[in-house]
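S.K.: Starting from these lines, generate the structure:
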Amino acid sequence: MLRPGGHLVLTVPFLYPTHEAPYDFHRWTYLGLTDLMQRHGLDLVDLSAQGGPGTLAASWFFRFLRTGVDSVGRMVGLRRPLSLIAPVRWFVLGPQWALVRVRGKKGYRLSRWSRAASNGYLVLARKPAG
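M.R.: Numbers count the residues shown, from 1 in each chain. Sure thing, here's the model as predicted:
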């Protein structure tokens, strides 16, 4: 519940390409989130993407890398995930941190590419006053 003039900040994960645009309203796409805000009488202040297709592909790549590294650790009898033990941690996390620093803030706008695929969306909406 929001009081009149109140703001809503909402983030949702989204790990699948948008399809059937502009009629993809029943999932948490940028289209579905826009429709949801309008149906509930909220003014959409901002809608941004958490990266685009490149970020989505990189997140899946690093997820599979970490899963593989941890599987090796279990095969050799480690109780702790191998991906969390230094220096293996730097092998797994280092490239991710580098990509985030290179990408900077560019990935947080709703662009043509992030409309096609994104890691998720961030919504800022406002309930009209009165």
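S.K.: For the rest of this, base every contact and every neighbour count on C-alpha atoms.
M.R.: Noted.
S.K.: if I read this right, residue 55 contacts residue 120, doesn't it?
M.R.: No: using C-alpha atoms under 8 Å, residue 55 is not in contact with residue 120; the gap is 10.4 Å.
S.K.: Could you pull out the helices in this structure for me?
M.R.: Ranges of helices in the chain, per DSSP state H, are 30-39, 53-75, 88-103, 112-116.
S.K.: closest one to residue 2 among those helices?
M.R.: Among the helices of the chain, helix 30-39 comes nearest to residue 2, with 12.7 Å by C-alpha to C-alpha.
S.K.: now residue 81: how far from residue 111?
M.R.: Residue 81 is 37 Å from residue 111, where distance means C-alpha to C-alpha, to the nearest Å.
S.K.: same deal with residue 13?
M.R.: Taken as C-alpha to C-alpha, the span from residue 13 to residue 111 is 17 Å.
S.K.: Against which helices or strands is the helix or strand of the chain with the lowest mean pLDDT packed?
M.R.: Ranking every helix and strand in the chain by mean pLDDT, DSSP states H and E puts helix 112-116 at the bottom, with a mean of 77. Applying 3 or more C-alpha pairs under 8 Å, 6 or more residues apart in numbering; DSSP states H and E, we find helix 112-116 packed against helix 53-75.
S.K.: Could the C-alpha coordinates of the helix it packs on be exported in CSV?
M.R.: Extracted in CSV, the C-alpha atoms of helix 53-75 (Å, rounded to 0.1, in the frame of the first residue of the first chain):
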residue,chain,number,x,y,z
PRO,A,53,22.1,-9.4,-23.8
GLY,A,54,25.9,-9.2,-23.2
THR,A,55,25.4,-8.9,-19.4
LEU,A,56,22.9,-11.8,-19.5
ALA,A,57,25.2,-14.0,-21.5
ALA,A,58,28.2,-13.2,-19.2
SER,A,59,26.1,-13.9,-16.1
TRP,A,60,25.2,-17.4,-17.4
PHE,A,61,28.8,-18.0,-18.5
PHE,A,62,30.1,-17.2,-15.0
ARG,A,63,27.3,-19.1,-13.3
PHE,A,64,28.3,-22.3,-15.3
LEU,A,65,32.0,-21.6,-14.6
ARG,A,66,31.4,-21.4,-10.9
THR,A,67,29.2,-24.5,-10.9
GLY,A,68,31.9,-26.4,-12.8
VAL,A,69,34.6,-25.3,-10.4
ASP,A,70,32.5,-26.2,-7.4
SER,A,71,31.8,-29.7,-8.9
VAL,A,72,35.5,-30.3,-9.2
GLY,A,73,35.9,-29.3,-5.5
ARG,A,74,33.2,-31.8,-4.5
MET,A,75,34.8,-34.5,-6.6
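S.K.: Much appreciated, bye for now.
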